[in-house]
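Trainee: This is a predicted model, with the sequence first.
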Amino acid sequence: MVSANWLKKTELFEGLGESQLNDLLAYSTVESFPEGRIIFHQEAEATHLYILIQGTVDLNVKAQEEIGFLTSQIQKEGAIFGIPSLIEPFRYNVTAKCILPSKVLSIESHYLRKKMEEDPKMGMQMMKNLTLIYYNRLNELRKEIVSFFKVFKVRIP
């Protein structure tokens, strides 16, 4: 069972109060997905935010050439994905696919956005956390790109 105490330890909701978290849980469901299941597709309307409870989810972006590139792998308990559900134009920018059987907490994003507007302190704390999440993921991606170039001995200006 997912509790407010568990939710408080996740990367997006750290720093929020128990009553705020309990309100969010009222609009959340725990979902289980088998290996190979696609949770959402790139370009689809972003209706839910997801928090990994267990398993592993790949986030892939498809280029115009129809080549899929792995952009991120979500495997840490409490990690969020489906972030575009909080940011206009509210369309997923990746495809999320389970590479292991996975369990996630799914939160209705329109409700979450409404709560962020009604409670500006909560909204500000979540945006601070969201900024840190994106910052850390960007730095990880940069490290992976540098490693990729080193493998192929490409000079980086």
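Mentor: Good, I have the coordinates. All of these numbers come straight from a predicted model, not from anything done at the bench.

Trainee: Residue 80 pairs with what?
Mentor: residue 51 (DSSP bridges).

Trainee: Does it touch residue 133 like I think?
Mentor: Yes. Using CB atoms under 8 Å, residue 80 is in contact with residue 133, at 6.8 Å. In this view, the C-beta of every residue, glycine as well, is placed from N, C-alpha and C.

Trainee: The two - which one has more neighbours?
Mentor: residue 80 (22 against 16; other CB atoms under 10 Å).

Trainee: Residue 107: neighbouring residues, count only.
Mentor: Residues near residue 107, counting by other CB under 10 Å, number 24.

Trainee: And the pLDDT for it?
Mentor: Residue 107 is assigned a pLDDT of 98 by the prediction.

Trainee: My understanding was that it contacts residue 24; is that so?
Mentor: Yes. In this structure, residue 107 is within contact of residue 24 by CB under 8 Å, at 6.1 Å.

Trainee: Checking the residue lying closest to residue 54 once chain neighbours are set aside next. Helix, strand or coil?
Mentor: Nearest residue to residue 54 in three dimensions, chain neighbours excluded: residue 103, at 4.9 Å (CB to CB, 6 or more residues apart in numbering). Classification of residue 103 using DSSP: H, G, I helix; E, B strand; the rest coil returns strand.
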